[in-house]
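Enquirer: Dropping the sequence and predicted coords here.
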Amino acid sequence: MPAYPSNNGVLFPAPLQAKPFPMKKLRKAVFPVAGLGTRFLPATKAIPKEMLTVVDRPVIQYVVDEAREAGIEHFIFVTGRNKAVIEDHFDIQFELNHTLAQRGKDDQLARLQQLQPQAGQTSFTRQQEPLGLGHAVWCARDLVGDEPFAVLLPDMITLPGKGCMKDMVALYEKTGDNIIAVEECDPAETQKYGIVGKGDDVFNGFKLTGMVEKPKAGTAPSNLYINGRYILQPEVFGLLSRQERGAGNEIQLTDAMQKLMKEQSFFGYHYRGRTFDCGSPEGFVEANVAFALQRSDLNSDMADVIDGLLAEARPADKRRA
C-alpha cells in the first residue's frame, strides 16, 4: 500500500480509495425461513416462527422492511414445509382489502398497501432438508445469479429507524466487497457467537482480519459478534456447493466465508443500534416490550403495565419496603 507524509514527516498508509470499476448494484436479499422453530413449540407446530408477531406485525415483516429501506428490490425467501403462510402474507388479499374499503378503514388499508411488495419482487424456493444456513443460502443460487446479494437472518430484528442494512449498503458501495455486520457482546460470552477479528478502519467500517465460530473462552480475537446481516459476492455459491458439513453436522455459511476470505476482501460494519434475537423465547419477549415502548401510541400505557407487573413480581417483603 502506498504511503504519504504527514506534516511532521511521518509516513502513514494512503487512505483506501473507492474501487474505480463500476460495481454491480446490490438488488437482491435472501431470507432463510425454513427453520422449524423448535424452541417455540407448541406455538410453531402450525405457525412458522417467522410469522409470530412482535406487537402487531410478523417478525419477518420487520426484516423485509429493513431490506427495503436499504434499497433492496428483490426479496428471495428460502422456505420449507408448512411455510406457505409466509408467501400468503406478502401477497394481496383481495377480500380483506375490499372489506376494509367498504368499512371505511382507509388507514388500515393504506398501511397494508404500503407494506405490500410490488409484483415480481418476491421469489420463493424450497430447502427440502434442514442442512444448515450455508445450504439454505446455496438453495437461492439460481434466483440470485451472478450478482452480489444480502442475507438477513429472519430471527434477528432491529428497532425501526435504526436499520443496519442501509449503512452496510453504503459501505459496500465504497468497497465493492463482502460486508458483515457486527455488534459488541460481553467478552465473557464470546464462545456463544461467531466472532470477527478487527483490522484498520475503512470508510464507515473496518477491514476484517478473520472470523471464528464460537471460539473457546479466552481465544476470541475481539468481542465483535456477527449479528445476522451479510452482503456477499456470488462466488460464495461455488464454495458452498463443495462445502463439507461442519458444526452440528450442517453446511455452515461461516466455513464458506472463511474460504472466500482467502480470495476476496471482507469488511465489517459495526452496528451501533440494538438487535433482538427473536429465535429465543426470552429475546422474543424482550423485543415485544422494547418495540411497544418505542411506539408513541403504546409507550405510556405499556410503561404503566410493566411497572405494575414488576411490582406484583417482587417478593412481599420488598413490596412493603
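Expert: Everything's here; your move.
Enquirer: any weak-confidence spans in the protein?
Expert: The model of the chain has pLDDT under 70 over residues 1-22, 162, 246, 248-249, 316-321.
Enquirer: let's go with 80 and repeat that
Expert: Judged by pLDDT under 80, the chain has its weakly predicted residues at 1-23, 160-163, 243-250, 314-321.
Enquirer: List the buried residues for stretch 270-281?
Expert: His270, Tyr271, Thr275, Phe276, Asp277, Cys278, Gly279 (16 or more other Cβ atoms under 10 Å). To be clear about C-beta, it is placed using only N, CA and C from the backbone, and glycine gets the same treatment.
Enquirer: can you check stretch 107-116 too?
Expert: Buried-residue list, stretch 107-116, by 16+ other Cβ under 10 Å: Leu109, Gln116.
Enquirer: do the same with stretch 243-255
Expert: Within stretch 243-255, the residues that qualify as buried are Gln243, Gly246, Glu250, Ile251, Gln252, Leu253, Thr254, Asp255, counting by 16+ other Cβ under 10 Å.
Enquirer: Straight-line length of it, end to end?
Expert: 8 Å (Cα to Cα, to the nearest Å).
Enquirer: coming back round to it: now render the buried residues of stretch 270-281 as TSV, adding distance to Val63 and secondary structure.
Expert: Shown next, in TSV, are the buried residues of stretch 270-281 (distance: Cβ to Cβ, whole Å; DSSP: H, G, I helix; E, B strand; the rest coil):
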residue	distance to Val63	secondary structure
His270	20	strand
Tyr271	14	coil
Thr275	11	strand
Phe276	11	strand
Asp277	13	strand
Cys278	10	coil
Gly279	12	coil
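Enquirer: for these, which one is nearest Cys139?
Expert: Gly279 (19.5 Å; Cβ to Cβ).
Enquirer: Spit out the contact partners of that closest one.
Expert: Contact analysis of Gly279 by Cβ atoms under 8 Å, 6 or more residues apart in numbering lists Gly35, Gly37, Arg39, Lys49, Asp155, Met156.
Enquirer: and what of Ala292?
Expert: So Ala292 contacts Val55, Leu298, Asn299, Met302 (Cβ under 8 Å, 6+ apart).
Enquirer: name the element it belongs to?
Expert: For Ala292, the host element (DSSP states H and E) is helix 281-294.
Enquirer: Out of the buried residues of stretch 243-255, which sit inside helices?
Expert: Leu253, Thr254, Asp255 (DSSP state H).
Enquirer: pretty sure the last one contacts Gly134?
Expert: Yes - counting by Cβ atoms under 8 Å, a contact exists between Asp255 and Gly134, whose distance comes to 6.8 Å.
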